[in-house]
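>>> Structure, please.
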Amino acid sequence: MAKALSPASSDWTPPAGRFLLAVGVWLAWLAWMRPLTLPDEGRYAGVAWDMLRSGSHAVPLLDGMPYFHKPPLYYWLTELSYSVFGVHPWAARTPSWLAAWGACVALYCFVRRYRDHAAATLTVLILATLPFFYGGAQFANLDMLVAGMITLSVLAAVDTVLRAERAQPYRWMSLAAAVLAALAVLAKGLIGLALPGAILLIWLIWTRRWQGLAALLWWPAMLVFVAVAAPWFVLMQLRFPGFYDYFFVYQHFQRFAASGFNNAQPFWFYLPVVVGLSLPWSLWGGGMMRKAFWSEGPARDLRLLAAIWFVVVITFFSIPQSKLVGYVMPALVPLAFLLAEVILAAWRAGSDGLTSRLVRISAAVAAGICVIAVGVATNSARGSAEPLAQVVRAQARPDDTFVSLHTYPFDLALYARAARPSWVVDDWLSADVPVRDNWRKELYDAAKFDPITGKEILVSVADFNTRLCAAPEGSRYWIWGSRADGARYAPLQGLAPAASSVKYVMWRVDVDEAFRQRVCGGTPKAG
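Numbers count the residues shown, from 1 in each chain. From the prediction side, this is the model:
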């Protein structure tokens, strides 16, 4: 048994092409099963759909209004995926899958170059079967994309440094690191530069690699970084004065430092999250506590790099009070490398086959957790607009208007293929709207950059009836709300739902003479 599964064995180290192809298939497997998870997947997939349907390829849109919480790279990739594969939930997850797979391929190549074949294979096997990483590869938001870009940029930068040390050609890799860092910025803003920069600077200073620092700061690489990263931000400021203040000052610095946002958690929150979502592989982590693990040797500097990488990511995201689980996904790559180093050290020191059996068990249990987690998520999806939207989509016309009452279903427009932005009926003059961190504030902030569209989209309760009564004859509205709304709003009273689920209902309102008699006092209104 030990011989059949030893690190040097061809059974354990399959050909790179087949192995990495299998990893890619594994990471994509089951991505089609789940509806979009709310709010995150619905929000980001919906923004990309909004951009595609309107032709607004430069400006991210939330319900037809500029949405500047995040940069555009995910939306661009998702638009492309929709155009190629069609508008499906799994198509919205393609950027995350590509980022995860790209990180695995780059990590394999890097570890094989600077360690060996067995270390590369085991590192990627661990990474691909970490439940945390596997889930991120199949989740339609920005977390895996920025984690992948950070991984690629750090690995390219370290490769640049090591090539320069060895008097090997390095300048093309320095340019690649600059491009990848720029893409990381376009994926999620300044952390795309701040995290790789902090990781690399600490490692370079600790190991006194001054020549490597000069190779990374080569002026053509700096120029390439600016050429890739800057144009979109400059264009948005030119088109929307106040963009810099909102995106950089508010979204980056004020939100990072302020309290009062959603998901407040204690400083230590991420350590148990990472350990728990990396089971059973994280059980091997105790080997990192041994002094011998950090002693001089061929892997010492790479282990130190991975440790710095992990600590920087965890510490950075532990500082703000608001913490979301996916933020620390960039820490999974160095964690996988360190776990593989622990396992390989035990493997090569042992001869009884116990380590081999434990690795098999760990891989099987980890893969099982990944599959079970997807199944649980598929069967426990709540609040998805998909069931109602399928009914409505078969009946809706391109000129129909969608309306949502005191909520905003992020995924409704995508599933229903709504051709235009929806009206959102709520008390938009409430003092809570600009200060509470929720969907209302997102729409409210978006309306600041396009007040004309905001006035059309954000509808007061009083204006709701007035607008319907003033609508042209034959106008049709699809109205999303709760069952109690049928009695609260005059246009819905006496109407049977067109579609309903456990929590939500959709009504169809046709503006005709009967509607005007019932709701508008019988007085026809001009359109």
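>>> packing partners for the longest helix belonging to the chain?
Counting by DSSP state H, the longest helix found in the chain is helix 354-379. Judged by 3 or more CB pairs under 8 Å, 6 or more residues apart in numbering; DSSP states H and E, the packing partners of helix 354-379 are helix 117-129, helix 131-137, helix 332-349. Every C-beta, even on glycine, is put in place using the N, C-alpha and C of the backbone.
>>> again, only using 10 Å
On a contact count with 3 or more CB pairs under 10 Å, 6 or more residues apart in numbering; DSSP states H and E, helix 354-379 meets helix 16-28, helix 117-129, helix 131-137, helix 332-349.
>>> For the shortest one, what is the distance to the chain centroid?
When you say that, I think you mean helix 131-137. Relative to its parent chain, helix 131-137 has a centroid offset of 11 Å by CA atoms, centre = their mean, to the nearest Å.
>>> And the first one, by the same measure?
In terms of CA atoms, centre = their mean, the centre of helix 16-28 is set 21 Å apart from its chain centre.
>>> CA atoms of the helix or strand where Val105 lies as CSV?
Per DSSP states H and E, Val105 falls inside helix 94-114. C-alpha atoms of helix 94-114 as CSV (Å, rounded to 0.1, in the frame of the first residue of the first chain):
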residue,chain,number,x,y,z
THR,A,94,-18.3,30.5,-14.9
PRO,A,95,-16.0,33.4,-13.8
SER,A,96,-15.6,31.9,-10.4
TRP,A,97,-14.9,28.5,-11.8
LEU,A,98,-12.3,29.9,-14.3
ALA,A,99,-10.6,31.8,-11.5
ALA,A,100,-10.5,28.7,-9.3
TRP,A,101,-9.2,26.5,-12.0
GLY,A,102,-6.7,29.1,-13.1
ALA,A,103,-5.4,29.3,-9.6
CYS,A,104,-5.0,25.5,-9.4
VAL,A,105,-3.2,25.4,-12.7
ALA,A,106,-0.8,28.2,-11.8
LEU,A,107,-0.2,26.8,-8.3
TYR,A,108,0.6,23.4,-9.8
CYS,A,109,3.1,24.8,-12.3
PHE,A,110,4.7,27.0,-9.6
VAL,A,111,5.0,24.2,-7.0
ARG,A,112,6.3,21.7,-9.5
ARG,A,113,9.0,24.2,-10.7
TYR,A,114,10.2,25.1,-7.2
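>>> tilt between that helix and helix 117-129?
For helix 94-114 against helix 117-129, the angle by axes from the mean of the first three to the mean of the last three CA atoms, to 10 degrees is 160 degrees.
>>> Give the buried residues for helix 94-114.
By neighbour count on 16 or more other CB atoms under 10 Å, the buried set for helix 94-114 is 94-112, 114.
>>> And for stretch 336-352?
Neighbour counts over stretch 336-352 (16+ other CB under 10 Å) mark 336-345, 347 as buried.
>>> distance of the closest residue to Ala487 other than its chain neighbours from Glu473?
Using CB to CB, 6 or more residues apart in numbering and skipping the chain neighbours, the partner closest in space to Ala487 is Gln493 (6.5 Å). Gln493 sits 21 Å away from Glu473, taking CB to CB, to the nearest Å as the criterion.
>>> residue boundaries of the strands in the stretch 351-500 of the chain?
Under the criterion DSSP state E, counting those that start in this stretch, the stretch 351-500 of the chain contains strands at 401-405, 423-425, 458-459, 476-482, 499-500.
>>> Give me the next element, helix or strand, following the last one.
Toward the C-terminus, strand 499-500 is succeeded by strand 504-510 as the next helix or strand (DSSP H and E).
>>> and the helices and strands packed on helix 354-379 as TSV, adding mean pLDDT and distance to Val519?
Shown next, in TSV, are the helices and strands packed on helix 354-379 (pLDDT from 0 to 100; distance: least, CB to CB, whole Å):
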stretch	mean pLDDT	distance to Val519
helix 16-28	95	50
helix 117-129	96	57
helix 131-137	97	47
helix 332-349	92	55
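>>> Rebuild the ones you listed as CSV, extending it with distance to Lys503.
Below are these laid out as CSV (distance: least, CB to CB, whole Å):
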stretch, distance to Lys503
helix 16-28, 31
helix 117-129, 35
helix 131-137, 25
helix 332-349, 34
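>>> tell me the contacts of Val311?
With contact taken as CB atoms under 10 Å, 6 or more residues apart in numbering, Val311 is in contact with 199, 202, 331, 334.
>>> Next, the buried residues of the helix or strand hosting Leu80.
Per DSSP H and E, Leu80 falls inside helix 73-85. Buried positions in helix 73-85, judged by neighbour count with 16+ other CB under 10 Å: 73-79, 81-82.
>>> want to throw these into TSV with distance to Gln211 and pLDDT?
As requested, the buried residues of helix 73-85 are exported to TSV (distance: CB to CB, whole Å; pLDDT from 0 to 100):
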residue	distance to Gln211	pLDDT
Leu73	32	98
Tyr74	36	98
Tyr75	39	98
Trp76	36	98
Leu77	36	98
Thr78	41	98
Glu79	42	97
Ser81	41	97
Tyr82	46	97
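>>> Roughly how far does Pro280 sit from Pro272?
From Pro280 across to Pro272, the span is 15 Å (CB to CB).
>>> right, I mislabeled it, should have said Ala487
According to CB to CB, Ala487 and Pro272 sit 46 Å apart.
>>> about what we covered before: skip ahead from the helix holding Leu80 and say which helix or strand is next.
helix 89-92.
>>> contact partners of that following helix?
With contact meaning CB under 10 Å, 6+ apart, helix 89-92 is reached by 28, 30-37, 41-42, 44-49, 74, 77-85, 97, 138-141, 384, 386, 411, 414-415.
>>> which of these count as buried?
For the contacts of helix 89-92, a burial check counting by 16+ other CB under 10 Å picks out 28, 30-31, 34-37, 41-42, 44-49, 74, 77-79, 81-82, 97, 138-141, 384, 386, 411, 414-415.
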